[in-house]
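Undergrad: coords please:
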Amino acid sequence: MIEARGLSKRYGTKLAVDDVSFTIKSGQVTGFLGPNGAGKSTSMRLMLGLDRPTAGTVTINGSRYSELPAPMHEVGALLDAKGVHPGRSARSHLRALAATHRIPERRVHEVLEQTGLSEVAHKRVGGFSLGMGQRLGIAAALLGDPRVLILDEPVNGLDPDGVLWVRQLVRHLASEGRTVLLSSHLMSEMAQTADHVIVLGRGRVVADAPIAEFIAAGKQARVLVRSPEAARLAATLMAGPESPAALEPAGDDAFTVAGLTAAEVGDLAAAQGIALHELSPVAASLEDAYLELTRTELEYAAA
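TA: Numbers count the residues shown, from 1 in each chain. Predicted structure coming up:
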């Protein structure tokens, strides 16, 4: 479990993390989301003792990271996959890390196998692709068989098979009762991986909820309508000053409707003798809910 209480971090005049409190529970994958500059990376650095909080605390299983007697056995982290000497081989890098915590050689072999790096274990890291570097970073995080995993953008640079592998890996780790914190900008992937989401905006928590609840509370449900008389149907749906319908274009002869059910749209079309070629509910998505929530939380936005 990871707990933050009143956590703040200031760099000069910049308040990167502003009085943040949350609990990241074991046995589930928690997605850590937010626009660039929202405070996610700073929060992770504070969790791992790489920065000192200006105020508040963050603990892992009840202790500050600096108080853990054998950190790699408690916490595995991937913050920067490039932080490896390029002249070292994957195996020598992991062996050096293992030596700091008296982790046996067999464990190095196990994580190389687990991350698909056995065949390139003797290759210099400087020649690794971005995806191979990510796999090595994940191998290092797993090395101490920790109960807590903190992974920042672990699918960055991975091909579709690699992305699927990470998804299955973190789901499996959570099913074993471990605490898994995962950040990613890939909303479609996060939607398939996370059980719970914490969203930061301008250094503050703007959402902390199960993922299904977060999506349901987001953008209003819509109906996709396609008709050869789309303009006349749109006018019909919008008729009257008290019409609840809100329309958005969706390509040629198509639009989406919020405020009316598919049945209500169908009934109105039938009453006017308007043919329908498609009438289907549009499921809300994590991306929709996230964009709706963070629209006003962007630190850097195009004019």
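Undergrad: for the rest of this, base every contact and every neighbour count on C-alpha atoms.
TA: Fine.
Undergrad: tell me the secondary structure at the residue of the chain most remote from its centre.
TA: Most distant from the centre of the chain: G273, at 46.3 Å, with distances by CA atoms, centre = their mean. Classification of G273 by DSSP: H, G, I helix; E, B strand; the rest coil places it in coil.
Undergrad: ok, A231 - contacts?
TA: Residues counted as contacts of A231 (CA atoms under 8 Å, 6 or more residues apart in numbering) are D253.
Undergrad: a helix runs through it, doesn't it?
TA: Yes - counting by three-state DSSP, A231 is part of a helix.
Undergrad: just checking, what packs against the helix or strand bottoming out on mean pLDDT in the chain?
TA: Ranked by mean pLDDT, DSSP states H and E, the helix or strand of the chain with the weakest confidence is helix 286-294, at a mean of 79. Judged by 3 or more CA pairs under 8 Å, 6 or more residues apart in numbering; DSSP states H and E, the packing partners of helix 286-294 are helix 187-193, helix 211-216.
Undergrad: can you list the weak-confidence ranges in the stretch 101-250 of the chain?
TA: For the stretch 101-250 of the chain, applying pLDDT under 70 flags the ranges 218-220, 240-241.
Undergrad: which residues of it fall in strands?
TA: 148-152, 179-183, 196-201, 204-210, 222-226, 246-249 (DSSP state E, counting those that start in this stretch).
Undergrad: hey, C-alpha coordinates of the last one in PDB?
TA: Once non-C-alpha atoms are left out, strand 246-249 reads as follows in PDB (Å, rounded to 0.1, in the frame of the first residue of the first chain):
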ATOM      1  CA  ALA A 246     -27.200  18.200 -28.000                       C
ATOM      2  CA  LEU A 247     -25.700  17.300 -31.400                       C
ATOM      3  CA  GLU A 248     -22.200  16.900 -32.700                       C
ATOM      4  CA  PRO A 249     -21.200  16.000 -36.300                       C
END
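Undergrad: report the distance from that strand to the chain centre.
TA: 29 Å (CA atoms, centre = their mean, to the nearest Å).
Undergrad: and the contacts of that strand?
TA: By CA under 8 Å, 6+ apart, strand 246-249 touches A234, M238, F255, T256, V257, A258, G259.
Undergrad: by neighbour count, which of those residues wins?
TA: Ranked by neighbour count (other CA atoms under 10 Å), the contacts of strand 246-249 have V257 at the top, with 25 neighbours.
Undergrad: isn't there a helix covering that residue?
TA: No - assignment of V257 by three-state DSSP gives strand, placing it outside any helix.
Undergrad: quick one: it and A230 touch, right?
TA: No - between V257 and A230 there is no contact under CA atoms under 8 Å: 11.9 Å.
Undergrad: OK, contacts around P281?
TA: Contacts for P281 (CA under 8 Å, 6+ apart) come out as A221, R222, V223, L224, A262.
Undergrad: still on that earlier bit, got a markdown table for the helices and strands packed on helix 286-294, with mean neighbour count too?
TA: What follows is the helices and strands packed on helix 286-294, written out as a markdown table (neighbours: other CA atoms under 10 Å):
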| stretch | mean neighbour count |
| --- | --- |
| helix 187-193 | 17 |
| helix 211-216 | 18 |
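Undergrad: returning to that earlier point: export the contacts of P281 to a markdown table and append columns for neighbour count.
TA: Compiled in a markdown table, the contacts of P281 are given as follows (neighbours: other CA under 10 Å):
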| residue | neighbour count |
| --- | --- |
| A221 | 18 |
| R222 | 23 |
| V223 | 22 |
| L224 | 20 |
| A262 | 18 |
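Undergrad: from these, which is closest to R10?
TA: Comparing the contacts of P281 against R10 with CA to CA picks out A221 as the nearest, at 39.4 Å.
Undergrad: look up how far P244 lies from the closest one.
TA: Between A221 and P244 the distance, using CA to CA, to the nearest Å, works out to 13 Å.
Undergrad: now the common contact residues for the two.
TA: By CA under 8 Å, 6+ apart, the residues touching both A221 and P244 are A258, G259.
Undergrad: now do the helices in the stretch 51-200 of the chain.
TA: For the stretch 51-200 of the chain, the helices defined by DSSP state H, counting those that start in this stretch occupy 71-74, 90-100, 105-114, 130-142, 160-175, 187-193.
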